[in-house]
Each structure stands twice: as C-alpha cells, then as structure tokens.
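1. Here's my sequence, what's the structure:
(chains A and B)
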Amino acid sequence: MHLVYPAVLSALLFCTGLYGVLARRNAILVLMSVELMLNAVNLNLVAFDVWLSKTATETLHSGQALTLFTIAIAAAEIGIGLAIVLAVYRDRGTSDIDRLRDSAEGPGDDPGPGDAAAAQDTEKAEATT
Amino acid sequence: MTTTTLAVLVPLLPFLGAAAGLLLGRTAPGYVRPLAVLPTLASLVLAVLVAAGQGGGRSIDAATELTPTGSVPIELALHIDGFAALVAVLVGVVATCVQIYSTGYLRHDPRYPSYAALVSLFTSAMFLVVYSGDLIVLLVGWEVMGICSYFLVGHYWETPEARAASIKAFLVTKLGDVPFLIGLFALGTAAGSFRITKVLGTVASGGLHHPTVVALLLLAGVAGKSAQFPLHTWLPDAMAGPTPVSALIHAATMVAAGVYFVARLLPVFQASAAAMTVLAVMAAVTMAGSALAALAQDDIKRVLAYSTIGQLGYMTGALAVGDRGAAVFHLLSHGAFKALLFLAAGVIIHAAGTNSLAAMSRMSNLRDRVPDAYWTMTVALLALAAIPPFSGFFSKESVLGAAERAATGHSGGAPGAAGWIVLVASLLTALLTAAYAMRLWLLAFCGRGAEAPDHGRQPLVMNAVLWVLAVPSLAFGGFAFRLLPDWFDGRDLTPALTTSVLGTGLALAGGTVCYGAWRHTTALTARVPLGAVAAHPEADAALVEAEAIATHKPAYGDIAYAVDPADPGRLLLGPLHRHAATGFHLDAVYAALFVRPVLAAADLVRFLDREVVETYVRGAGAVPRLLGAAVRRAQTGNVQTYVSALLAGTVVLAVAAVLVATGV
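-> As a prediction, this is how the structure comes out:
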C-alpha cells in the first residue's frame, strides 16, 4: 500500500479533529475531537514506521512503540478530561465551552493606580486598628 | 573588701537593680519596690564607706584594660579623689530619697516598674561619671544619663508637652555632646591616653597644643548637660516629667555632671584664659537671665527649674574663677536643698491640685494642709536665698569669695575680668534669687480666697523624705566649710566678711522688696478669680501632676505664663515680665534659627520626593501599563479562541520555516 493513503486519511482525521476542537461547543465533543487528532497522529506513526522499516536493515519499530504510549496516555487523558467535564457540569449545569469564560479579562478588572492607592490605605487602616 | 572593690560596686548595684527591675517588672510586681530602693540604698552605704576610706587623702587610682582597642587605649579606670567621694555620697543620698519618695508618689502608676528601673539606671550612670578615671568610660555614663532623661522626662508620654519636652531635652543635650566628643578625642590624642590622671599630667607639662579650642569644645557639652546659656532651654520644659525625676535631674545627676566634669578637668580649662572668660560670661548670663525668668514663671516647678539654672550658673562661675572647691561645695549644698524643693513642690502640687502659683495664691490654708512640705520648703527656700545660717549661705559665700579674690587678683590661674564678671552677676543674682524665693513662698503659702481642697494626709514616705533632706539643707554648710578644704584643693571656704555682708544684705533687700510688692498687689487677688485645678484631685499624686501640667495651657494660654495682676513678679519686673516669662524668647529664636529651616528643608524634600521623583516613576510605569491593557483585551476566556490563535501562529511559523528552507 502506498504511503499516501494512510497519510491522506490521517490528515483528514486531523482536520476533522481540529475542526471539532475549534468549533464544537460541547466539551465532550471537544474531547472526542482531541481523540481524533491523537489517533490521526497514531496512524501517521504506524504508517511511517512501516515505510521506514522497508528501507532500513535494522529497526526498533520505535514508531509503533510510541503509538502504544500515545494510546495509553490518551486513555488516561480522556479519563481525567471526562471527570473534569462531569465536575464542571455538576457545578454549572452546563458543559458549553462558550459559557465557561471565568478567566476572561473584564473591562472593570483594570487595577489602576487609584485602586492600588486605595487598597494600600485600607491595608494601613487595618494595620493601625 | 578594699576601697577599690567597694567603689566598683557603687555604680554596679543600681545597674543590676535596673536590669532586674526591667526583667521582673511584669512577672513579679512584688519585687519592684525593693529592687528599686535597696540597690540604691546599698550604693549610698558603699559610697559613704568609699568616702571614709578615701578620707580626703591621696586619690585612689585603679585601672584595668579589658581588651586592646587600637591606638589610644580605653581602660576601666577609677579615679577617686575628695571631689568624687563626696559627690558620690550626694548622688546616693538624693537618689535614695527620690526612690523612696517615688514609691509614694507613683503608688498607682502602671508604669512604675520601668520608671523605677530607669531611675536606678540613671543613678548608676551618674555614679559611673563620678568615679570613672577614664574619659571614654565617663562618656558612657554621660550618654546613658542623656537617654534616661529622655525616657523619664517623657514618662507621661500621653501628654504632648511631655513628648515635646523629652525630645527637646534629648536633642539639645546631644547638640552639646557632639563637640564634647570631639573635645574628648582631642584630649585623648594629645595625652596618648584617656585616663584623667594622664590627661592632667599632659596639660601640666604643656603638652596640649590648642587648649582654647579643646576647652571650648568641651564647654559645649558641659553647657548642654548643665543647662547653661545658650543650651539651657531644655531644662524648664523638662518639668513635664514627674516631680521626683525633676528632683533627681536637678539636684544630683545630669546637670551636676557638667559642673563636676569641669571641676575634674579644671586645669584643661585654666590652660586657656579665653575659655575661662567664656565660662565666666556664660555663667553670668545664665545666672542673671535665669533669675529674671524665674521671677516671672507661673508654674511652681518652672520657677525651681530656672532657679536650678541660676545655681548652676554660680557653680560655673566658681569654676571660671578657678576655684573648684567652691563649685563642688555649692554643688553639694544645692543638691540637698534643690532635691528638697522639688520633692516638697510635688507634695504641694498634689495637695493643691494645680501647679500654677496664680491658682495657689487664691487658696487659703494650703500651708495647714501640708505642714511638712511647708516647713521643709521654707528651710530650703532660705537656703536657696543664701540666708545665714542655712547651707546655701556658706556655699554661695564661698563662690562670692572666690570671685572676689579673682577680681582683686589674689587668685592665680584666673583672669581678673572673669572675676569681676562673676562677682557682679553673682551679687545681682543674689538679689533676684531672694526675690523669687520670697515670691514663691508668698504665693504658695500665703494665698487668700477659697479654702484649699482637703485630700487627707500625704503618704508618710513622701513627708519623711522631706525631713531627711531638710537636715543637710539646714546644717550642712555650717559644718562643712571647715572640713571640706581637706577633701578639696585645700583652699579656704570660710565666708569673707565683705562678700557675706554684701550678699546677705542684697538677699534681704530682694526678699523685702518682693514682700512689699506682694503687699501692694495682693489686694487684687480677690478681684481677679483664677484657677485651674486637676480634674481628679483626690487621685494619685503623679496623676494629679500630669493633669495639672496638661490643663495649664488650656487654662492660661501658655505653659509658663498666667495673666495674673496680683503677681508681685509682674510689678517688680514691669515691662520685662512678658519677655522673662517666655525665657527671653530664646525658644522663639531657636525656632527661627533651627526649627523652621529644618522644617522647611523637610517640606522641600517631601515636595521633591512626591512631585519630582514620583513623577518619573509614574511615567516609567505608564507606558507598560497601557500596553498591558491592550494585550489584556485578547483574553476573552474562550479556550477555543486561544487554540485558534495557537493554530494560526503555528501555521504562520510553519509557512515561514518552509519558505526559509526552500530559499524563496
């Protein structure tokens, strides 16, 4: 089998996954898309390993070994990721990524010099009382 | 034990007492009083034993060098001559009396433990100054006294007067101490040693190259410590401290240290005629000015404070004419009667509930309320006014006699001009001293008007101490003037006929004039009601005093002054009265010369810091802050946006890398 088939398939899978990560709103679907991207990489690894082993006289098949590593780590990662999503859902009642924007920089959060001086004043007042 | 061992124990015991008092004050309050009184009492006994052992004979010298300290060695040295032995006894007597009195006076004071420990430390430092044979060790005691006076004057630190007075006392004495230190270094360098004996030996052999400069430098420190013009301004303000502290500072320690130091190193000063003349002028201005100021003060303690300055002027006057025997004689007798005056004044302030003489002159029966204070204070005032046969008479006559001998050229080592200056100023001051002593007595004890408040009897310890101190005030001078020359330089201290008659006549005249003026003005007393009395007159003596000091300014508009037309001092001084009450505006002069420039400089520095330096700092911070605000806008909180940006960046980098690799 020519190398181009698995490579194209892997590129398609990766793009699908990338689209999912960037565009889906549900956190679980985002995680699934991440899995797709990982598996696209796995496919590449296996395919190129085979292609390399045809030319090389001695090979350790490190590509295939690395694939096994990736699968194991992906399993762990999805477990943790799903647990986090579950916790967020229990807490917020939603798993919509667009609504989980607590780290946003709001317009009112700007700590200007006046605010800093006021904060120092309150600290002093607390120290003296 | 040898005399040397005893002498070492004398400063050590109060020091250990102070350390133990500070450590145990909180955990074991029961031990505070014994720890305050007993070490001082033991030191007194030891000082008497040392004096007996020394016996006015050859001076005891002992020295040990703890460790080599470089070029000029510093040794722990004792140098006990007749002066040291007797002054130490005086310090012991007054300190013991003050400690005993304080147990009654500050009975319920919450800060009594630290107060008593500081008084002990103060006493210990004075003993160190008195006995030390090494100038640097002497300086240690000298400076410890300075810091102790700062703490003790500021004992009522809740009141702004006490805070200001303590800082003033510290700063003014330090102002003198800086030249003093330089003078000591000059002496040590010239002599190759800081030992007093070696320094005096060097001076005797003419090894001191610039005696005038050195003497004037030392004189600055002495003027600061002994409250001589122009560095005397801290002493009247130091009245914001508790009365026993005033007694201690004024009678035996602190102010006596300066006079004692000059007496010890008199040959250094005698090496320069200019220094002796400066000393004489300083003494004369101090004497006359302080006596005038004392006549105008309203606060009873400030009257006594100015009188202390004047009496110290007598001592420096005696030193200026080269007679240290007379100076130390006056130091001893003045120590006794001035301690008595202050302690009695404390009793009177407690009984009257005010420290204002104007208010006291509107109370009848005050003398019946405090009979012990009345009688002992009368004795002390007679001694102050130098009426024979009280002790002040003999000591003051010895000063007058010394000045007269110098003026007529019968005394070696002192310029005749200095003698005349001191003699004229002394006689003038004798007149004024009697006048203000009379005024104090009349206003305090012969008041008319409402009955003095009755707070019951004063504590026994306070009255007992008064009588103990009344004995030397009464009899010390008469017995001592024959014995003291054996202890001192051997000069005759017997009163001469001319100066005695002149001095006593002037004193009597001053008293009589003041009495006449009082008779003339006393009718006005009833017409002008005046009076400020502490809010809690039945409280502890120390609290009454603190309240009296705090209420004086709101009641009369000034700490030293009361608008009282019935005051005989106002009639006697005439237009001078207003100036004398403020100490001849010296504080205002200092304010204009030093305080305001310093404050203006501080304002300038603050302006430079706030407006100039901080503007640069803020400007340097503004640009990064603006950039940061712009960058922060990108932070939307949406993870997918971040990942999109990441992807875009990666693509750009990858394209760039490919372009670079292919070399387009």
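2. how close does the nearest residue to B:P211 once chain neighbours are set aside sit to B:V203?
-> Nearest residue to B:P211, sequence neighbours excluded (Cβ to Cβ, 6 or more residues apart in numbering or on different chains): B:A271, at 3.7 Å. C-beta coordinates here come from the backbone N, C-alpha and C atoms, glycine included. B:A271 sits 6 Å away from B:V203, going by Cβ to Cβ, to the nearest Å.
3. Hmm, B:L208 and the residue nearest to B:P211 touching each other?
-> Yes - between B:A271 and B:L208 there is a contact under Cβ atoms under 8 Å: 6.1 Å.
4. And these two? Which one has more around it.
-> More neighbours surround B:L208 than the other of B:A271 and B:L208, with 22 against 19 (other Cβ atoms under 10 Å in any protein chain shown).
5. does the more buried one belong to a helix or a strand, and which?
-> In the assignment (DSSP states H and E), B:L208 maps to no helix and no strand.
6. Contact partners for the most centrally placed residue in chain A?
-> By Cα atoms, centre = their mean, chain A has its centre lying nearest to A:V34, at 6.3 Å. By Cβ atoms under 8 Å, 6 or more residues apart in numbering or on different chains, the contact list for A:V34 reads A:17, A:21, A:77, A:81.
7. before we move on, what about B:G569?
-> B:G569 touches B:295-296, B:435-436, B:439, B:577, counting by Cβ under 8 Å, 6+ apart.
8. Locate it within the secondary structure: which element?
-> For B:G569, the element it lies in under DSSP H and E is helix B:568-573.
9. And the next helix or strand past that helix?
-> Per DSSP H and E, the helix or strand that comes after helix B:568-573 is helix B:576-581.
10. interface residues of chain B facing chain A?
-> B:618, B:621, B:629, B:632-633, B:635-640, B:643-644, B:647 (Cβ under 8 Å from any Cβ of the partner chain).
11. Now, those residues that are in helices?
-> Among the residues of chain B next to chain A, the members found in helices (DSSP state H) are B:618, B:621, B:629, B:632, B:639-640, B:643-644, B:647.
12. Distance to B:P73 and neighbour count for the residues you listed - can I get that in TSV?
-> As requested, those are exported to TSV (distance: Cβ to Cβ, whole Å; neighbours: other Cβ atoms under 10 Å in any protein chain shown):
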residue	distance to B:P73	neighbour count
B:R618	56	11
B:G621	57	11
B:A629	68	12
B:R632	69	14
B:V639	79	17
B:Q640	83	16
B:V643	80	14
B:S644	83	15
B:L647	82	13
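13. Provide a list of residue ranges in chain B with pLDDT below threshold.
-> Residues of chain B that meet the criterion pLDDT under 70 lie in B:1, B:56, B:410-414, B:452, B:454-456, B:524-566, B:664.
14. What's the biggest helix in it, counting residues?
-> helix B:160-191.
15. Then chain A?
-> helix A:62-92.
16. how near is B:A51 to B:L44?
-> Taking Cβ to Cβ, one finds B:A51 at 11 Å from B:L44.
17. Kindly report the same for B:I300.
-> 28 Å.
18. Repeat that for B:L466.
-> Taken as Cβ to Cβ, the span from B:L466 to B:L44 is 18 Å.
19. So what's the residue count around B:G663?
-> B:G663, neighbours per other Cβ under 10 Å, totals 5.
20. list residues touching both of B:A51 and B:L44?
-> In contact with both B:A51 and B:L44: B:V89, using Cβ under 8 Å, 6+ apart.
21. Let me see the ranges of the helices in chain A.
-> Under DSSP H, chain A gives helices at A:4-23, A:27-55, A:62-92, A:113-128.
22. quick revisit: in the longest helix of chain B, what counts as buried?
-> B:161-162, B:165-166, B:168-170, B:172-177, B:179-188, B:190-191 (16 or more other Cβ atoms under 10 Å in any protein chain shown).
23. what's the neighbour count on the residue of the stretch 551-664 of chain B found nearest chain A?
-> Residue nearest to chain A within the stretch 551-664 of chain B (Cβ to the nearest Cβ): B:G637, separated by 2.9 Å. The number of residues packed near B:G637 is 15, by other Cβ under 10 Å.
24. For it, give its distance to A:D102.
-> For B:G637 relative to A:D102 (Cβ to Cβ), the value is 6 Å.
25. end to end, how far does stretch B:236-252 reach?
-> Start-to-end span of stretch B:236-252 (Cα to Cα, to the nearest Å) is 17 Å.
26. quick one on the thing from earlier: is it possible to export the ones in helices among the residues of chain B next to chain A to JSON lines including distance to B:R596?
-> Shown next, in JSON lines, are these (distance: Cβ to Cβ, whole Å):
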{"residue": "B:R618", "distance to B:R596": "31"}
{"residue": "B:G621", "distance to B:R596": "36"}
{"residue": "B:A629", "distance to B:R596": "46"}
{"residue": "B:R632", "distance to B:R596": "50"}
{"residue": "B:V639", "distance to B:R596": "66"}
{"residue": "B:Q640", "distance to B:R596": "69"}
{"residue": "B:V643", "distance to B:R596": "68"}
{"residue": "B:S644", "distance to B:R596": "68"}
{"residue": "B:L647", "distance to B:R596": "71"}
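27. Just say helix, strand or coil for the closest residue to chain A within the stretch 101-250 of chain B.
-> Proximity of the stretch 101-250 of chain B to chain A (Cβ to the nearest Cβ) peaks at B:E158, 17.5 Å away. Three-state assignment for B:E158 (DSSP: H, G, I helix; E, B strand; the rest coil): coil.
28. Phi, psi for it please.
-> Phi and psi for B:E158, reported as degrees, to the nearest 10, are phi -70, psi -30.
29. do the same with B:V370
-> According to degrees, to the nearest 10, B:V370 has phi -130, psi 70.
30. same thing with B:S193?
-> Given degrees, to the nearest 10, the pair of backbone angles that B:S193 has is phi -170, psi 150.
31. Counting neighbours, what do you get for it?
-> 22.
32. how close does the residue of the stretch 551-664 of chain B closest to chain A get to B:L340?
-> 84 Å.
33. A:G17 now?
-> A:G17 is 103 Å from B:L340, by Cβ to Cβ.
34. do B:R625 as well
-> B:R625 is 71 Å from B:L340, by Cβ to Cβ.
35. And for B:A648?
-> On the measure of Cβ to Cβ, B:A648 and B:L340 end up 96 Å apart.
36. neighbour-wise, which of the two wins?
-> Neighbour tally, B:A648 and B:L340, criterion other Cβ under 10 Å: the higher count belongs to B:L340, 32 against 10.
37. And that one, its phi and psi?
-> Residue torsions, per degrees, to the nearest 10, at B:L340 are phi -60, psi -40.
38. Thought B:L474 was touching it, still the case?
-> No - judged on Cβ under 8 Å, B:L340 makes no contact with B:L474 at a distance of 9.9 Å.
39. Mutual contacts of these two, please.
-> B:V379.
40. Quick one: name the residues of chain A near chain B.
-> Residues of chain A lying near chain B (Cβ under 8 Å from any Cβ): A:18, A:21-23, A:30, A:97-98, A:100-105, A:110, A:113.
41. now the helices for the stretch 101-250 of chain B?
-> B:112-131, B:135-153, B:160-191, B:196-204, B:211-225, B:234-237, B:243-247 (DSSP state H, counting those that start in this stretch).
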